[in-house]
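A.B. asks: here is a sequence together with a model predicted from it:
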There are 4 protein chains.
Amino acid sequence: MYVYSFLNDYSEGAHPDLLKILATTNEQQEMGYGEDTLCQKARELILAETGNPAAEVHFVSGGTQANLIVLASMLKPYESVIAADSGHINVHETGAIESTGHKVHGVPALEGKIRVESIRAVVEEHGDEHMVHPAAVYISDSTELGTVYTLDELEEIAAVCRELGLYLHLDGARLGCALTSTHSDVTMADIARLTDVLYIGGTKNGALLGEAIVISNRELQSHFRYHIKQRGGMLAKGRVLGSQFAGLFTDGLFYRLAEHANTMAARMARGIEDLGFSFATPPQTNQVFPVFPNELIRQLNTKYAFHTWEKAGPDQAVVRLVTSWATPEKAVDGFVEDLGKMG
Amino acid sequence: MYVYSFLNDYSEGAHPDLLKILATTNEQQEMGYGEDTLCQKARELILAETGNPAAEVHFVSGGTQANLIVLASMLKPYESVIAADSGHINVHETGAIESTGHKVHGVPALEGKIRVESIRAVVEEHGDEHMVHPAAVYISDSTELGTVYTLDELEEIAAVCRELGLYLHLDGARLGCALTSTHSDVTMADIARLTDVLYIGGTKNGALLGEAIVISNRELQSHFRYHIKQRGGMLAKGRVLGSQFAGLFTDGLFYRLAEHANTMAARMARGIEDLGFSFATPPQTNQVFPVFPNELIRQLNTKYAFHTWEKAGPDQAVVRLVTSWATPEKAVDGFVEDLGKMG
Amino acid sequence: MYVYSFLNDYSEGAHPDLLKILATTNEQQEMGYGEDTLCQKARELILAETGNPAAEVHFVSGGTQANLIVLASMLKPYESVIAADSGHINVHETGAIESTGHKVHGVPALEGKIRVESIRAVVEEHGDEHMVHPAAVYISDSTELGTVYTLDELEEIAAVCRELGLYLHLDGARLGCALTSTHSDVTMADIARLTDVLYIGGTKNGALLGEAIVISNRELQSHFRYHIKQRGGMLAKGRVLGSQFAGLFTDGLFYRLAEHANTMAARMARGIEDLGFSFATPPQTNQVFPVFPNELIRQLNTKYAFHTWEKAGPDQAVVRLVTSWATPEKAVDGFVEDLGKMG
Amino acid sequence: MYVYSFLNDYSEGAHPDLLKILATTNEQQEMGYGEDTLCQKARELILAETGNPAAEVHFVSGGTQANLIVLASMLKPYESVIAADSGHINVHETGAIESTGHKVHGVPALEGKIRVESIRAVVEEHGDEHMVHPAAVYISDSTELGTVYTLDELEEIAAVCRELGLYLHLDGARLGCALTSTHSDVTMADIARLTDVLYIGGTKNGALLGEAIVISNRELQSHFRYHIKQRGGMLAKGRVLGSQFAGLFTDGLFYRLAEHANTMAARMARGIEDLGFSFATPPQTNQVFPVFPNELIRQLNTKYAFHTWEKAGPDQAVVRLVTSWATPEKAVDGFVEDLGKMG
């Protein structure tokens, strides 16, 4: 067995506070399908956070589900969405977006971040009815490569989207780690203000499950519950999702958990760097991507679980190490120590 | 506020034993996406129950999701599914099946149960490429009207499906209550043997969430995880679903919870009958459908929550009363007592 | 070989005038994809006919294609369409509408005609996000059973659609025969005024191929060419379609051809009635549905091709006899004569 | 008005021989929906050409329609298709393939031709259920850039497809020009042998309309007419399509028309080259892509219609000149002469 798994940020269950809410509210009778008091409370807490009382908040159980429901509700049949080629919807959702009928334009990205030039280029190349009509931009923050957007970058993307008539959808599966990154100058209210729709990830930040969809653009709010239901995303016991977000947004738990994950990752990155290794992308959140020799990877794998991301030449590879709200300091320190010994 | 809600069987959280498993396993690191030890244990327990070690078991979070994934994986683009006109996929899933491209034939049913004559008729009417090709039959057990299929009825439907080249998919959102009904002579192994795919409902039988899909037909097992992922049904923390089913199928909890719900419903039905009221469909499981005068319904509604199902003439209506694993005897008795006073 | 086929109204090629236009314009270079001068001319002629210069006209090659493009462009993912249970989209398009993601509500109809009570009933039964949202009504004129709507009936349906927020789409595969029926008091301008979208059938009224889609509702006009292209309906040589409609709407050819088909059918119906046979639906256009003994059908089939529509008891059946712009009087008279001898 | 349009190969109507068949067969009664004697004859002629009597042949009206029906019939919901990034399905079909639920992988291509390394790379990158499953390769011959595959190249692609379990679909919208190119060593029988499905373009090679789909892989033949009907591709008067292909494959008309187009293009290319201009891709078929200064393009556009394909630096651009079966020698010579004067 592994000493510790750095495979992902959903290896453990839920933060104890969130389990506790489930237990303490377990016997009260609630309405079904997200119309319960726990969802209601979570909605109010999230709206306060976003600073936009006119936004709408919905809860679904997973990230692919959130993305496909949002984009299918947003796009007309002939419309498409622009994403980084490393974007989750482009690579890791088994064609979920195409399955709802829409093309995803995967464009080259810099360290996982889409650039406005790429957005402009796609729009300029698509000018008539023989081609799809790009109508939305999808970004992830933090990105699939662990990097974060700065406020300037987000403002620029949002401005280009407005100019070109594109909706902006932000996949915040790891939004907590993005917002609490020491490399970020962005707040939840900024994100809510700059996007048409965003989803706030619970699963990867200490919740048992759950993603909160925040629809700031009022025209996109219409009939959204129909979309959720049709795609199989409406839980009968919506209270389960509500409870998680009610807990996460009480006393800043959401941010504290993410900050812990970031802190652990930074500690690990510092240790790795001190040992002389480099990184494929700059370590900014809870996912770090060091480059290790293949033989070292083999040895590390006898004690630690992690993904080998991609080759980096004949003798070495990029690996992905992920920390979470649950990662203990001693697991990080142990890893670095072993790295020093094995390296 | 209501004294008690008989609106549905998902008003409460989870049975305490199931919450407890979540708590005791919370800190252990598990693989994601349903490849954890809890899902593995749940799979083994369910396979033992079905008596078919070659079946495949998958877990998803909701019933509409289960139905749409199963049917979309089963049907070719031009193929359709036959269901009772009162069937959940035909009425209460916001067109989820059509959304995946397939026609649902809603056929007249008797007390929620589809008859083989109706199946034959649809197949006979569809003979060439100008029409869809019926390729599956969908049944619910217990049905949307609270009734159950007998073993003879299921054997007959399965035989007709085999004869006509149709897959048989059973929606067991309330399978626990069906199997433990005093009106049923069917076992889980019978169901697994007679169907190509079935799903066993957790949400409505004491689980926090979760439906277990059992694929007995081996040709339908191929690449099923791709379908789950593509439709947004694969939870990162699949352990949540696994834990519920591991608990439900330990020491017969699944059956005990369902039996309690049935017992409460039978007690309520007896009380209602003793007061001289009749039923729209025979009370057989945890959903009972008495016919009450409109004025009585208004009065009952001041203390109890329940659905008014449909009109039954100018002055009365059918209501739906649902009990669950959590329904206390005193809620049932209180309701009957109030009914006697108000009626 | 058959003496004559009454199977349908597309057994012959095109009216000679329409072939002639193809020949005389064959060498001129034209723009592709419906932007040619022939399509332009046809558009102007049709707009004049409809009396609505703000309408948009598009051409596609077939009826199923027209229906699926129109409805897929009209409906949001969770929306559905109401049709007669005998409606073409409900029965004879291999699930084309469901294939684009939408439920078709097949409701009981009287002689192929939908009634406003049925429309109201569907809307009333669908009130929340657990069910599809009915958003359009589909009617055929003439209907699949050869009957026609009166102006009063169309006004009533259109009024109910406006009241309930439903689009009205009219499938005019046989609109020529409907408008020229002696049982009709409706004009093309009436139809265009009362519907949101209508399609005018060319294929079944003397054209080589082609259906003209007329979009009166301006909000439905947006980006319609994208929908046509995406569904494979945009012909490179759109001139072929334009030429047919330019010809049909010159000097009233469209109406003359339809009138001929109706006259032939009426002559045939009179002959059949005089011989003492009855009809399943009143003969009003170019499709007549007499009831014949099975043995007579067998004998007729040695000389004439036609569809046996459905059983009408143990010893007889309804057959469908279709006349067209090309049916010669002598084929009709020959059939009636043979019927008299064999009957 | 333009002196001549080199915009495309569908500016004129049909070759006179094909119009003539329409005229001479116009009055004979035929079965509908592709079951007529003209389609039957065309099928036999095409099968003889392909050398595979076990293949199936179907006719549809356009290329996007052919591609979407073929791929939608071929792929399971989670499967994807690999194409050149310049491929028609990836760029110029308004997302038709995605609209049927499938991802298109656009991979870098050399002069419009896909390379086996790219196919292998896509397959290698897609290994689990979190990603789509590549199941088909789409190629065009001639390509969108006017180039042709050699027999060696096709054999290599077919071998890799077999090895990797991928279907091979060839879009032959301009197959005539490919097969008759002086740069090609491939026959129709080669293509039919090496592909699972291919479509032979009529529209761009002298037909009024029509594409013939040839299904060599027997497992893909099942229920294909259902797919055609469901996607709106089954013409009531299928005879129109049959007549075109019956004519094209009589006395080698198909090849003669294509050869003429190629000859005209080669003549034009030679003239352009002699004037000192270069080409973006080597001229091999009826589409040539010379690079002209922007000012010259402006001048040419006063007399000739053609597409400006893409920028080639600040002062010049690639244009596309297309010849066809109908292009007269004098139009080509006139263009070259004008080019010499203006250049």
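C.D. replies: All right, it came through fine.
A.B. asks: secondary structure class of residue A:12, three-state.
C.D. replies: Here residue A:12 is recorded as coil under DSSP: H, G, I helix; E, B strand; the rest coil.
A.B. asks: then residue A:80?
C.D. replies: strand.
A.B. asks: next, the contact list for it, please.
C.D. replies: Neighbour list for residue A:80: A:102-105, A:126, A:132-136, D:95, D:98 [criterion: CB atoms under 8 Å, 6 or more residues apart in numbering or on different chains]. In this view, the C-beta of every residue, glycine as well, is placed from N, C-alpha and C.
A.B. asks: what helix or strand does the residue lying closest to residue A:257 once chain neighbours are set aside sit in?
C.D. replies: Residue nearest to residue A:257 in three dimensions, not counting chain neighbours: residue A:325, with 3.6 Å by CB to CB, 6 or more residues apart in numbering or on different chains. Using DSSP states H and E, no element contains residue A:325; it sits outside every helix and strand.
A.B. asks: measure residue A:325 to chain B for me?
C.D. replies: Look at residue A:325 and chain B: by CB to the nearest CB, to the nearest Å, they are 12 Å apart.
A.B. asks: correct me, but that residue touches residue A:262?
C.D. replies: No. Counting by CB atoms under 8 Å, residue A:325 does not reach residue A:262; the two are 10.2 Å apart.
A.B. asks: ok, the residue nearest to residue A:257 - contacts?
C.D. replies: Per CB under 8 Å, 6+ apart, neighbours of residue A:325: A:9, A:12, A:15, A:205-206, A:257-258, A:260-261.
A.B. asks: give me the low-pLDDT residue ranges for chain A?
C.D. replies: Low-confidence segments of chain A (pLDDT under 70): A:1.
A.B. asks: so where do the helices sit in it?
C.D. replies: Ranges of helices within chain A are A:16-24, A:37-50, A:63-74, A:88-91, A:96-99, A:116-125, A:151-164, A:175-179, A:188-194, A:224-230, A:239-248, A:253-274, A:294-300, A:329-342, based on DSSP state H.
A.B. asks: go through the second one and flag the buried ones.
C.D. replies: For helix A:37-50, burial by neighbour count (16 or more other CB atoms under 10 Å in any protein chain shown) applies to A:38-43, A:45-47, A:49-50.
A.B. asks: ok, and what's touching that helix?
C.D. replies: For helix A:37-50, contacts defined as CB under 8 Å, 6+ apart pick out A:21, A:25, A:28, A:30, A:53, A:55, A:57, A:59, A:188-189, A:191-193, A:200, A:212, A:214, A:216, A:238-239, A:241-246, A:249-250.
A.B. asks: any of the residues you listed buried? List them.
C.D. replies: Neighbour-count burial (16+ other CB under 10 Å) is assigned, among those, to A:21, A:25, A:30, A:55, A:57, A:59, A:188, A:191-193, A:200, A:212, A:214, A:216, A:238-239, A:241-246, A:249.
A.B. asks: what about residue A:330, how many neighbours?
C.D. replies: Neighbour count for residue A:330, taken as other CB atoms under 10 Å in any protein chain shown: 10.
A.B. asks: let me fix that: residue A:146
C.D. replies: Residue A:146 has 28 neighbours, counted by other CB under 10 Å.
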